[in-house]
Structure formats: C-alpha cells, structure tokens
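Undergrad: can't give you the sequence, but here's the structure:
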C-alpha cells in the first residue's frame, strides 16, 4: 500500500520530469476543460459535453494543420489551430445550445449524446480523411513542424497550452468578478427569475453565449493537446479528460482561480496513476476509484447547492 | 363524543358539521372556534375575504390539517381525520383551486391515482364514463390532461371525487379559473348535483355566486364564523357587513373590529381625508393604459380593454381578488408582461417590487452590494465599479433604515422585513417616475408590515413618483392609497371614496361583483 502511494507520489511530483513532463502536461487540458465546465455551470448550463467538444477541437486542429502544410510559419499556424479548435468546440456546444433553446432538450442529455458522436467521428477520421498516408494505422500523420506548439522548458514536455490555460483562468476570474458580463453570468446562474425580473437581464442570450464560450474552451484544449502533446490524431487522444474536467470544476467550486489548483491535483493523479501501474504493478483504475471518491465527496459537500441550483435553472430556463 | 341515538336527532340532516374549529400556525391563529353545519342535499357557500380562513376550514374538513381544537362530524358521527385518505373514505371529495392533476397522464390514469389494488384502465375508464353520464359531466377518459381546457380539467377533478363515492363535495373557488359562461354552467351543475341529493360546500369570494346557487351561507371573518344561516334569511347588505365587519348585527362587536384592525394599518379616517386632498388632475399622467387587454397562456382573459391614467405623486391602490386581474395589471404597468392588445405608455424609470421577493427580486446568495447592482445588471457595460456600488449600498442601508451588518453580507442573512425594505429602497432609487408594488407585506409580521406601509406612504423625491400598489389585504390598501381602483373580472374601475371614511362597503361590493359594483363599473367606464 505504502509502495503504491509512493509510486503515485513519485510519478506525480518525484522528479523534475514528473512535474514538468507528466503532471503539468496532463493538467494543461484539464485547466481549459475544467474552466469551460465551470463557466457553464456558473450560468446554470449543465454542459457534460466537454469531452466531445475537446475531440472536435482536436479533429479540427489536426485537419487545419495538415491542410495548411509545413510552409506556414508557427506564428500563423498556432493561432489558426487554436482559433479553429475553439470554433469547433463552440459549434459542437452550439448544437446542444440550439436544441435546448429551440426544442427544450436537456443539455445534460444532448451533450452526452454529442460526446458519442464526436468519438465516432474521430474513429472515422483516423480511418478515413485524416488517416496517415500508409493507411495502416488508425491515426493521422504527424502534424507538420510549424504546427507543433513550443515547449516552455528545454528538455521538458510542458507546452504553450498550459500557459494559455492559466491565462484563460485568470481572464475568466477577472471577467466574472469585475465586469458587467461576468456579473450577468453569475446572476443568471444564481437566479434566472431575479435576473430577469429585477435586473432586466436577457437570460436566454446570456446562457447561449456562455454555452458557446464553454465549448470554445474545450475545443481550444483539444487543439492544444494535438499541437502540444500528441502531434497526431488518434482515437485514445483523451483518457476521459472531458469527464475529469467536471470533477476539476466541482472541486474548485466553480471558481476560476481554484481551477488551477484543482486541475494540477487531477493532473497529478493521472500522472501518478501511470507511474503506479508501471512501478508498483497497481492497476491505474485504482486512481480512477480515488477520482470518483473525490467527486462523490465534493458532491456530498457544498456543491450540492450549486448542482441543485443549476438543475432548477435548467428547468426554468426552458419553461 | 356523541352517544345520542341517531335518527331522532336533528343532526339526521347534517352531512358535515364543523364545530369550534381552531387552527393555529405558530403564533398566527387562522381559525378561532369557527363553525358551520352543512346539510345533506344542499349547496352551502363559505364566504370571506382573503385570509378569513375559508380554505383553512375546508382543509380541516378534508383532513389536510388537524385542527388544534374542535369537532368534525360526518353524517352525525364524530370523526378524526389523520389524512385526506380518511376524509375520502368518509365520502368527502375536494376540488382545490390549483388542480392536483398530472398533465402528462390521461384522465383515466389521473383518476386511478391513489386507488387501491390492480390498475385496470378499461374498468376505470368504464366507471368514469358511467359517472360522467350519470352526473352530466362530459369528459373523455382517454384524453391527456395537458390537452384539456381548464374547465375540462376541473370536471376531471370533480369526477375524480365522485368516482371515489364522494357524497360531499368541497369546491375551492371553482369559478376563479373559468369564463363567465363556464362558471354559470358549473354553478348550474352544482345546483343539480345538490338537488339530486349531493352536498356541496362552495368556497367563494363572489357574493353573487353565493346568492345565485347556495341554500345556506356561512361568512367567515378573521377566523371566526360571523354569519351562518339560510340564504333566504339573509340580505346582500347584511352579508357585506358581515364580510367587512362594519355595521351592527353581524355578530362582531365594535370592540373586536377595533382590536382586529390595530397593528400595521394607519387609521383609515386620516387617509380618506388625504385621499381627497391629492389633486390628481394637476399633472400629465406618467403611466397610461389605453384599451389594454391581456389573455394569459391558458387562454383566460385577465384584463378587458382597460383604460387607466396614473399621475405623479399619487398612490394608486389596486384591489381585487386573485384571478380578477390585479396581478396582470401591475405587471403590465411594470413592463414585465406585454399586453395582448392595447397601448401602454410608460417611462423607463419604473421600479417594480414583485410579490415573490426571494424568487423574483433578490438573489439570496449574493451580497447586498451585488443585489443593489442587480437592478442595473441588464444594461451595465464594461467594468463593474464595485467600490462605488459598495458605497451606494452603505448609504442606502442607512437612509432606508435596513438593519444589516454591512454591504458585504449575503441577502439571505437579512430578515424578511429588511429584505423587503432593501428591495423597496433599491426600486425607489431607479423609480423616479413610478413604482409598482405587489403585495409587499406578504410573509411579513405585523411590525415589519407596518414599516413597509409607512415607507410606501412617505415615498418622496422631486418630482414625487407615482406609486401603484396592490395588496390582498383591503385594510392595507385603504391605509396607503390616495385613490383606489378595483379589478373585477378583468375590468378596472375607480371606486369613489365613501363619505364615511370607515365604510368599506363600496370596496367589498366592487371586489365581489355584487350589484353596486356593476353601477360603479358602468359609471366609471362611461
């Protein structure tokens, strides 16, 4: 048991490689994904579809990188990938947002379903349009050099996506607490009826915009994962980051600042799990059990209110 | 309790007897020794103003609540209901004002709900059809409730009671949700049901209904039975006096009236004087309705071609029973509801204090500062200047005398009275032209209510904003308003102040739609 925990710790924080090339690399997508989920939940949108939005971002970023080829400089290529990934994530979320506002479809259902469609799309992509030239492996060719995002520290795998995640959390924190838009988002999430009646806030419009931004965060995370980590598209590109992101958001109590801490915590668990399996022979599913227990613990605590509030809002928003 | 032989007893005739019923909710006494004997084969109207205890009394009879004191007898035998299931077993059925139906289910399924044993749709449907045919209440057992009109849903509720062998039907404000034609039809049915031997207790606000259909009338006022007699023995004016507690011979001594009106209300005599002093015609109206009608989502017409002009500085009291239009009138004036037809002229600077404070006016988890800023949430741009908002909040707490530790504490930590004062102060801040206030004392205790009413009376500013104020409590309206309009059946008409400032008869008449009100309405509508 001690051996297992030591292996877990070593894998997460035991060496500079563990920190800069394992833990923080796995935290990078969780930052953006967790932030996206938290923003949506803040506005009362139960976006469970971060996984699908992430995958669509990854597909689109790969596609645009491949089609632009190796002659476009990084300074153009990377922003374009990021933008295209974010747009793809936003569009994928937009489908669920449209279904909610047009037909009253619960986004909890629609976003989960869209996750499966995204997963199926990636399977098709890596066997069809985006398959590597030899047509042997179900994955894309490596993206061209200029499309590979720069590492932050020589010799370590930590990439630009992590910084973007930190920046996004910082911006979100400022927006939520200091600006009128952020105030509206919080008001709509806390009480759509009071936001409408006392504040004259357009609830539907606010909800739609937050939903799209939430999807954009997830799509950007997908682009960053392709550009910064995998350099190629394949089916297992996400070990369930989009679902872990819900735990990240809840553990952070939907606070953008705490998302950073929470994302690193879950990133460490992911990194440590691989090490534990390798060094102590403990199946990594044990870590998944820990993750699940953390989520349950958080849910049993204060977040119950947030979820209940969001659920109530969901029901009212559709009335 | 009763050991007397049944048969020779005059109780032989009684279907449902309530004696000395007392119900307390905490420190509030809802019923104080109320009594009422409902005879077999009769329609018995239960009349009373809002909060008089009509529904509470009938809920006790239906086993929804257990009275703190008193006796209930069904067909002469004393009973103690633990739940409404006991009452149903005794042949009592109740149709609530808000229907207890599941919209997604069929009529058959709804009626079978709460039954015993195996559910067989075809047997139940056959039984429903049989009851429907026998009683003359057409209903389609296979229809889904959500597809039915309100009047049809009401028939389903009645049939639900009858299928369970109810001989005594309690109908709570059954006509409130119906069009006049449907109401007439329902009352006609009620009459025929009683003529065929059934028993009906009809809770109503409307005097005319009681006099049209009832054999007996019981009037409740402030939790006590003030009149309970055969309809033929009563005159309308007698009943109005009993309802409002004015005049003599109502069973209410002047002393008890005096005692019951102290508290939040300011002496009505002072107000009527003031009411005449305000010169409404001096300035151009700030708010105007021209031929405004409103049909709600269920297709019920709530307002009919309303013309209304509201002038600066006046406090317009709106009276009217629930469902007769005051709610819609206020929300249209506040811009929270778009009229179906007609023209609304309103400035932007209109504040609104909604009835459901915690749901519609504030966000309980937000700080006081954030709740103040909420008022401008919809059109704020760019950065929020929280330090400025904090200062504004601090000043507002001081000037409006809101008892709070400071601007940073969550709204939920304030008492109801302080929350309401906060909301009123916030809305007044933006309401330079007009302030719309809906039932502001709901859920507040006497002292808090008194302070809110005092605030309403003293709203200042230059120019003074117009205030439109609705309360279900007539005393409150009369204690604050400089002019009173009544909503009845979607019509809005001004009520002339009576010469005797303590005479509330014209107001009650207008609200209950008794003959006098018709005159007022037709005169006012020209």
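TA: Structure received. For clarity, every value in this text was computed on a predicted model and none was experimentally measured.

Undergrad: going forward, measure contacts between C-alpha atoms and count neighbours the same way
TA: OK.

Undergrad: can you give me the helices for the stretch 201-319 of chain A?
TA: For the stretch 201-319 of chain A, the helices defined by DSSP state H, counting those that start in this stretch occupy A:203-225, A:241-251, A:256-280, A:285-300, A:303-317.

Undergrad: Kindly report the same for the stretch 1-150 of chain B.
TA: Assigned by DSSP H, counting those that start in this stretch, the helices in the stretch 1-150 of chain B fall at B:54-61, B:84-89, B:107-112, B:121-135, B:150-163.

Undergrad: Pull out the buried positions in stretch B:215-228.
TA: By 16 or more other C-alpha atoms under 10 Å in any protein chain shown, the buried positions in stretch B:215-228 come out as B:215-228.

Undergrad: Could you list the low-pLDDT ranges of the chain?
TA: Because you didn't say which chain, this covers chain A. A:1, A:295, A:299, A:302-319 (pLDDT under 70).

Undergrad: was after chain B, sorry
TA: Applying pLDDT under 70 to chain B flags residues B:1-12, B:27, B:50-51, B:246-283, B:446, B:460-463, B:499-502, B:514-526.

Undergrad: Break it down into its structural domains.
TA: Using automatic domain parsing, the domain parsing of chain B gives B:14-91+B:167-259, B:103-165, B:260-349+B:432-526, B:364-430.

Undergrad: Span of the last one from start to end?
TA: Same thing as domain B:364-430. 21 Å (C-alpha to C-alpha, to the nearest Å).

Undergrad: Would you check that residue B:76 makes contact with residue B:38?
TA: No: using C-alpha atoms under 8 Å, residue B:76 is not in contact with residue B:38; the gap is 11.1 Å.

Undergrad: who's in contact with residue 66?
TA: Picked chain A for this. Going by C-alpha atoms under 8 Å, 6 or more residues apart in numbering or on different chains, residue A:66 touches A:143, A:144.

Undergrad: I was thinking of chain B, sorry if that wasn't clear
TA: B:23, B:60, B:81, B:82.

Undergrad: can you count the residues close to the first one?
TA: Residue B:23 sits with 24 neighbouring residues when counted by other C-alpha atoms under 10 Å in any protein chain shown.

Undergrad: residues contacting it?
TA: Residue B:23 sits next to B:29, B:30, B:31, B:32, B:56, B:66, B:67, B:68, B:69 when contact means C-alpha under 8 Å, 6+ apart.

Undergrad: same thing with the second one?
TA: Residues in contact with residue B:60 (C-alpha under 8 Å, 6+ apart) are B:66, B:67.

Undergrad: Take the helices of the stretch 1-150 of chain B and lay them out in TSV including distance to residue A:145.
TA: Shown next, in TSV, are the helices of the stretch 1-150 of chain B (distance: least, C-alpha to C-alpha, whole Å):
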stretch	distance to residue A:145
helix B:54-61	78
helix B:84-89	76
helix B:107-112	67
helix B:121-135	70
helix B:150-163	69
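
Undergrad: any shared contact partners between residue B:76 and residue B:38?
TA: Residues touching both residue B:76 and residue B:38 (C-alpha under 8 Å, 6+ apart) are B:14, B:15, B:16, B:17.

Undergrad: circling back to that earlier point, please narrow the contacts of residue B:66 to those residing in strands.
TA: Among those, the members found in strands (DSSP state E) are residue B:23.

Undergrad: Identify, from the contacts of residue B:66, the entry nearest to residue B:432.
TA: Using C-alpha to C-alpha, residue B:23 is the member of those that lies nearest residue B:432, at 44.3 Å.

Undergrad: who does that closest one bridge with?
TA: Per DSSP bridges, residues listed as beta-bridge partners of residue B:23: residue B:31.

Undergrad: So which bits of chain A are right by chain B?
TA: For chain A, the residues in contact with chain B (C-alpha under 8 Å from any C-alpha of the partner chain) are A:178-181, A:183-184, A:187, A:190-191, A:193-202.

Undergrad: secondary structure class for the residue nearest the centre of chain B?
TA: Chain B has residue B:322 as the residue nearest its centroid, 4.1 Å off, counting by C-alpha atoms, centre = their mean. What DSSP: H, G, I helix; E, B strand; the rest coil gives for residue B:322 is coil.

Undergrad: residue contacts, it?
TA: Counting by C-alpha under 8 Å, 6+ apart, residue B:322 makes contact with B:176, B:472.

Undergrad: and stretch B:287-303, anywhere near chain A?
TA: No: shown here: stretch B:287-303 not in contact with chain A (C-alpha under 8 Å from any C-alpha), separated by at least 11.9 Å.

Undergrad: Domain boundaries for chain A, per the record?
TA: If you go by automatic domain parsing, chain A breaks into A:26-151+A:158-268, A:286-319.

Undergrad: Pick the most deeply packed of these.
TA: Scoring these by mean neighbour count under mean count of other C-alpha atoms under 10 Å in any protein chain shown gives domain A:26-151+A:158-268 as the most buried, with a mean of 23.

Undergrad: Which residue, other than its chain neighbours, is closest to residue B:217?
TA: Computed as C-alpha to C-alpha, 6 or more residues apart in numbering or on different chains, the closest residue to residue B:217 that is not its neighbour in sequence is residue B:45, at 4.8 Å.

Undergrad: Quick check: that neighbour touching residue B:201?
TA: Yes: Residue B:45 lies in contact with residue B:201 (C-alpha under 8 Å); the separation is 5.9 Å.
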